[in-house]
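Enquirer: Attaching a predicted model along with its sequence, questions to come.
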Amino acid sequence: MLVLTRKKNESIIIAEQIKVTVLDVRGEQVRLGIEAPQELSVYREEIYEQIRAENITATTVDVEAMQHLQEVLTDKEKDKTKED
């Protein structure tokens with residue numbers, strides 16, 4: 001991890017595209033301004049972790065639900081074949 005010291009109104013540049021500026025320091029809180037290309041997403045870490053967890057949950061397959069769906073589709077296919 002790179003550790004830098006910056007004062008109020010001082011900045012760092014990341015990959016020639018991202019500029020992070022210290023806007024204010026009050027006690028233990030630091031306000032940062034971030035300039036980045038619009039196509040780059042910028043999140044607070046805790047928000048990013050929530051999004052990541054939700055994405056993992058969304059991609060998890062419910063095996064029982066899939067088996068039930070397969071049974072329903074198979075039964076419909078059998079019924080359609082009987083009608084013909």
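Expert: Everything's here; your move.
Enquirer: and the residue nearest the centre of the chain, which of the three is it?
Expert: The centre of the chain sits closest to residue 51, judged by Cα atoms, centre = their mean, with a distance of 4.1 Å. Following DSSP: H, G, I helix; E, B strand; the rest coil, the label given to residue 51 is helix.
Enquirer: For the longest helix that the chain contains, the averaged confidence score.
Expert: If you go by DSSP state H, the chain has its longest helix at helix 63-83. Averaging the model's pLDDT scores along helix 63-83 yields 80.
Enquirer: contacting residues around that helix?
Expert: Outside helix 63-83, not one residue touches it by Cβ atoms under 8 Å, 6 or more residues apart in numbering. Where you see a C-beta, it was placed from the backbone N, CA and C, and this is true even at glycine.
Enquirer: and it, how far out from the chain's middle?
Expert: Relative to its parent chain, helix 63-83 has a centroid offset of 35 Å by Cα atoms, centre = their mean, to the nearest Å.
Enquirer: Residue 13 belongs to a helix?
Expert: No. Counting by three-state DSSP, residue 13 is not part of a helix but strand.
Enquirer: picking that back up, output the longest helix of the chain as CSV, nothing but the C-alphas.
Expert: Output of helix 63-83 as CSV, limited to C-alpha atoms (Å, rounded to 0.1, in the frame of the first residue of the first chain):
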residue,chain,number,x,y,z
VAL,A,63,-30.9,-26.0,-7.2
GLU,A,64,-34.3,-27.0,-5.9
ALA,A,65,-36.1,-24.2,-7.9
MET,A,66,-34.2,-25.2,-11.0
GLN,A,67,-35.1,-28.8,-10.6
HIS,A,68,-38.8,-27.8,-10.1
LEU,A,69,-38.6,-25.6,-13.2
GLN,A,70,-37.2,-28.5,-15.2
GLU,A,71,-39.9,-30.8,-14.1
VAL,A,72,-42.6,-28.3,-15.0
LEU,A,73,-41.1,-27.7,-18.4
THR,A,74,-40.7,-31.5,-19.0
ASP,A,75,-44.3,-32.1,-18.0
LYS,A,76,-45.5,-29.3,-20.4
GLU,A,77,-43.5,-30.9,-23.2
LYS,A,78,-45.0,-34.3,-22.5
ASP,A,79,-48.5,-32.8,-22.5
LYS,A,80,-47.8,-31.0,-25.8
THR,A,81,-46.5,-34.3,-27.4
LYS,A,82,-49.7,-36.1,-26.3
GLU,A,83,-51.9,-33.5,-27.9
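Enquirer: Fine by me, we can end here.
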